[in-house]
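J.: Just need the structure, nothing else, for what follows:
(2 chains)
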Amino acid sequence: MMYVTPENTATGQDRFVDHSSWFKYSSPQTFFPLAGKLVPWFAVAALLLAAAGLYIGFFVAPTDSQQGEAYRIIFIHVPAAWMSMFIYVVMAFWAGVGLTFNTRLSGMMASALAPTGALFTFLALWSGSLWGKPTWGTWWVWEARLTSELILLFLYFGFMALQAAIDDPRRADKAGAVLALTGVINIPIIYFSVQWWNTLHQGASVSLKSAPTMAATMFTGMLVMVLALWMYSIAASLMRVRCIILERERDSQWVAEYMSSHK
Amino acid sequence: MFTVLRCVIYRDLLLATRRWADVLTALVFFVIVVSLFPLGVGPEPNLLRTIAPGVIWVAALLASMLSLTRIFAADYADGTLEQMLLSTAPLGMIVAAKVIAHWLVTGLLVVLIAPLLALQFDLPQQLLATLTLSLLLGTPVLSMIGAIGAALTLGLRGGGALLSLLVLPLYVPVLIIGAGAVDMAAAGLGTEAHFLLLAALLVVAAAFAPWAAAAALRISAE
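T.: Reported below is the predicted structural model:
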């Protein structure tokens, strides 16, 4: 059994939360049940949207005149690539909030988002290379977008490795925040330098810009898939943040009560 | 304020001169890494000429990274860093001074020896100046970005490998623009844009990196 210890002041503060304001959800203790209630909704929305999006993608959308059936991978690839970049920005945002206002939950949220972001970055790279083989005839080209996506994956790995190497969670949050903010300033610089580097060495062998304009159903399918991945990301990171909260607050009274009632 | 800067630079340089072996290790590492490439890819002169700028730049990157832990580790171990954190002088200034000192004993030496290695790769002589200048502008940026990583990983287990994971992706723009400058010159094109961009990176890094590293130091030394 775990008990509240005198030095555990951080959790002690939660008892004096102002329950009239929205900010009450910035406390891990109050956010935990809220996240628990929200997860199923987002998970179900993700499932339904993914089913609809994949149905449109695989059965409704017409075959592409140039790329044949292989193009259908964009229904996974493009949404994953978008999410991979967007999640990094959201992660840096929460990291920045945590660093500025010293709120514990913000740092936990940033750590909870990182694996999902890394997953989508990997998915975008993987699906991209599966698409590249039939279309470009090669698994990998050092094209600007591919290369910056690869570097983004390294940035995610760096963030997670740094947090994993630090035992003290508060220090891990803050150190991760400094790194995430440095990374988010660097991402545009990296992107443009890579793009520039590529045009310098050789023209891009295939450019998405020159691809024929997309049919409406293709676009709808992609949009639905983007929404599905949004819902999935929210559900997954909320579930992960719940685990992080339990782990970090394991010495507090409310977690002890929660654990004993959920045996 | 500038007295602090001068004193810290002087102190760090003095410490470095008392431990020459440490300084030389990074330099010898640089030379060895560059020398390994012809062994790996073969002695074909045309190929070596083409890859020379990239190889020298990547080796400079690695050499700079290898010596990063030196910026703060010794001071952290003997308690000097705590005194610096308590000092009334702005921490960003102290960090800037330490970064400058780090660059003087690693980056600058790399810049000075790079033309010699470039000759081994038979890089045309008119490109040597371009290569040296690009390294001169780029290596300080490496030290500055690296200082953030060094401050973040201070006192952590597996610090070295972790540091490379944090820092190398952030080095990418410097590598691209730095090696790109030499490639442009080799192709007979203008290099002003590359040098202006390198200088811009240097200015931005000089303005922000010492403060980010200072924030990271406070977090690590808490």
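
J.: which residue ranges form the helices in the chain?
T.: Just going to use chain A. A:9-12, A:28-55, A:74-101, A:104-136, A:144-165, A:169-201, A:216-248, A:253-261 (DSSP state H).

J.: actually chain B
T.: Using DSSP H, helices in chain B cover B:2-18, B:20-41, B:45-66, B:73-78, B:80-86, B:91-102, B:108-120, B:125-152, B:159-186, B:192-220.

J.: Kindly report the residues of chain B close to chain A.
T.: Selection of chain B residues close to chain A by Cβ under 8 Å from any Cβ of the partner chain yields B:145, B:148, B:152-153, B:156-159, B:162, B:165-166, B:168-170, B:172-173, B:176-177, B:180, B:183-184, B:197, B:201, B:208, B:212, B:215-216, B:219-220, B:222. The way it works is simple: take the backbone N, C-alpha and C, and place the C-beta from them, glycine included.

J.: Quick check on the residues you listed: which are buried?
T.: Among the residues of chain B next to chain A, those buried by neighbour count (16 or more other Cβ atoms under 10 Å in any protein chain shown) are B:145, B:148, B:152-153, B:156, B:159, B:162, B:165-166, B:168-170, B:172-173, B:176-177, B:180, B:183-184, B:197, B:201, B:208, B:212, B:215-216, B:219-220.

J.: Now tabulate the helices of chain B in JSON lines and tack on mean pLDDT.
T.: Formatted as JSON lines, the helices of chain B follow (pLDDT from 0 to 100):
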{"stretch": "helix B:2-18", "mean pLDDT": "91"}
{"stretch": "helix B:20-41", "mean pLDDT": "91"}
{"stretch": "helix B:45-66", "mean pLDDT": "92"}
{"stretch": "helix B:73-78", "mean pLDDT": "89"}
{"stretch": "helix B:80-86", "mean pLDDT": "90"}
{"stretch": "helix B:91-102", "mean pLDDT": "94"}
{"stretch": "helix B:108-120", "mean pLDDT": "93"}
{"stretch": "helix B:125-152", "mean pLDDT": "94"}
{"stretch": "helix B:159-186", "mean pLDDT": "90"}
{"stretch": "helix B:192-220", "mean pLDDT": "92"}
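
J.: ok so, going back, I'd like the helices of chain A written out as TSV, with mean pLDDT, distance to chain B and mean neighbour count added.
T.: What follows is the helices of chain A, written out as TSV (pLDDT from 0 to 100; distance: least, Cβ to the nearest Cβ, whole Å; neighbours: other Cβ atoms under 10 Å in any protein chain shown):
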stretch	mean pLDDT	distance to chain B	mean neighbour count
helix A:9-12	45	14	14
helix A:28-55	91	21	17
helix A:74-101	91	8	21
helix A:104-136	91	12	21
helix A:144-165	90	4	21
helix A:169-201	83	4	20
helix A:216-248	91	17	19
helix A:253-261	86	25	14
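
J.: quick one: contacts for the closest residue in space to B:Met84 that isn't next to it in sequence?
T.: Distances taken as Cβ to Cβ, 6 or more residues apart in numbering or on different chains place B:Ile94 nearest to B:Met84, at 5.2 Å, with adjacent residues excluded. B:Ile94 sits next to B:Val4, B:Val8, B:Met84, B:Ser87, B:Ala214 when contact means Cβ atoms under 8 Å, 6 or more residues apart in numbering or on different chains.

J.: Of those, just the buried ones, ChimeraX syntax please.
T.: Selection of buried members from these for ChimeraX, criterion 16+ other Cβ under 10 Å:
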select /B:4,8,84,214
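
J.: Nearest to chain A among the contacts of B:Ile94?
T.: B:Ala214 (10.2 Å; Cβ to the nearest Cβ).

J.: With the flanking residues excluded, which residue is spatially nearest to the closest one?
T.: In this structure, B:Ala214 finds its nearest non-sequential neighbour in B:Leu91, 4.1 Å apart by Cβ to Cβ, 6+ apart.

J.: isn't the one you found right up against B:Ala221?
T.: No: counting by Cβ atoms under 8 Å, B:Leu91 stays clear of B:Ala221, with 10.2 Å between them.

J.: Quickly list what's touching both of the two.
T.: Common contact partners of B:Leu91 and B:Ala221 (Cβ under 8 Å, 6+ apart): B:Leu85.

J.: re earlier: adding distance to B:Leu127, write the contacts of B:Ile94 out as a markdown table.
T.: Shown next, in a markdown table, are these (distance: Cβ to Cβ, whole Å):
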| residue | distance to B:Leu127 |
| --- | --- |
| B:Val4 | 40 |
| B:Val8 | 36 |
| B:Met84 | 42 |
| B:Ser87 | 45 |
| B:Ala214 | 38 |
